[in-house]
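Participant: got a structure for you, letters missing:
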């Protein structure tokens, strides 16, 4: 079966660091994406991990552990504009990307 | 270079009518994916197409829904005899090939069935 688990909501303060966790189970595995989606808008690509470890890209980093079925997205130096939903999206067998329900992040001043 | 173009942006249909949603992928992208998103919920995979071929339609409801990606022209998601439960945002995404690239999403079509 396929299952993606991430927290529904998180709140953090401007300038702080926040880690959004994701555990997943998929039929086959071909990498894991993180997307950002602002309310009423289309998702935008943030990161892609296919091997274990940490991928850093500016203020955003993403980590993957394939053996544990676990990933996290790390956001540093939070800004108000980072308030959005963050979607964990593993790519399973057949190269179909499955999206979690997302974590809504609220950044407060 | 235009991104993924979806139209219409908003579509209102009465119960029983047909809805046609169009998606033009990014230039050079030959893989198209359709997702449905209900309010406060995640994106649900519907169908994956390449030019003239349906690759994976495991997320498509068995009745009333169909999709195509002809040799020429946009991909079309067609919903016949719409019901209120079809009201959702429908997103199209494209990619150049199967690989590590993330999808590029269109702005979506928000379908409201009244």
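Facilitator: Received the coordinates, thanks. From a predicted model like this one, the values you see are computed outputs, not experimental measurements.
Participant: Contacts only, for the residue in chain A that chain B sits nearest to.
Facilitator: Ranked by CB to the nearest CB, the top residue of chain A for proximity to chain B is residue A:45, at 3.2 Å. Just so you know, the C-beta spots here come from the backbone N, C-alpha and C atoms, and that holds for glycine as well. For residue A:45, the contact set (CB atoms under 8 Å, 6 or more residues apart in numbering or on different chains) comprises A:33, A:35, B:102, B:103, B:104.
Participant: can we see that at 7 Å?
Facilitator: Residues counted as contacts of residue A:45 (CB atoms under 7 Å, 6 or more residues apart in numbering or on different chains) are A:33, A:35, B:102, B:103.
Participant: now do residue A:55
Facilitator: Each residue near residue A:55 by CB under 7 Å, 6+ apart is listed here: A:47, A:49, A:61, A:62.
Participant: Which helix or strand contains the residue of chain A closest to chain B?
Facilitator: Element membership for residue A:45 (DSSP states H and E) is strand A:44-49.
Participant: Now the element after that strand, going C-ward?
Facilitator: Counting by DSSP H and E, what follows strand A:44-49 is strand A:53-57.
Participant: Please, which helix or strand holds residue B:33?
Facilitator: According to DSSP H and E, residue B:33 maps onto strand B:31-37.
Participant: Which strands border that strand, and is each parallel or antiparallel?
Facilitator: With DSSP bridges as the test, strand B:31-37 is paired with strand B:43-50 (antiparallel), strand B:88-95 (antiparallel).
Participant: Residue A:10 and residue A:88, how far apart?
Facilitator: Between residue A:10 and residue A:88 the distance, using CB to CB, to the nearest Å, works out to 13 Å.
Participant: Who has more neighbours out of the two?
Facilitator: Neighbours were counted for residue A:10 and for residue A:88 using other CB atoms under 10 Å in any protein chain shown; residue A:88 has more, 27 against 17.
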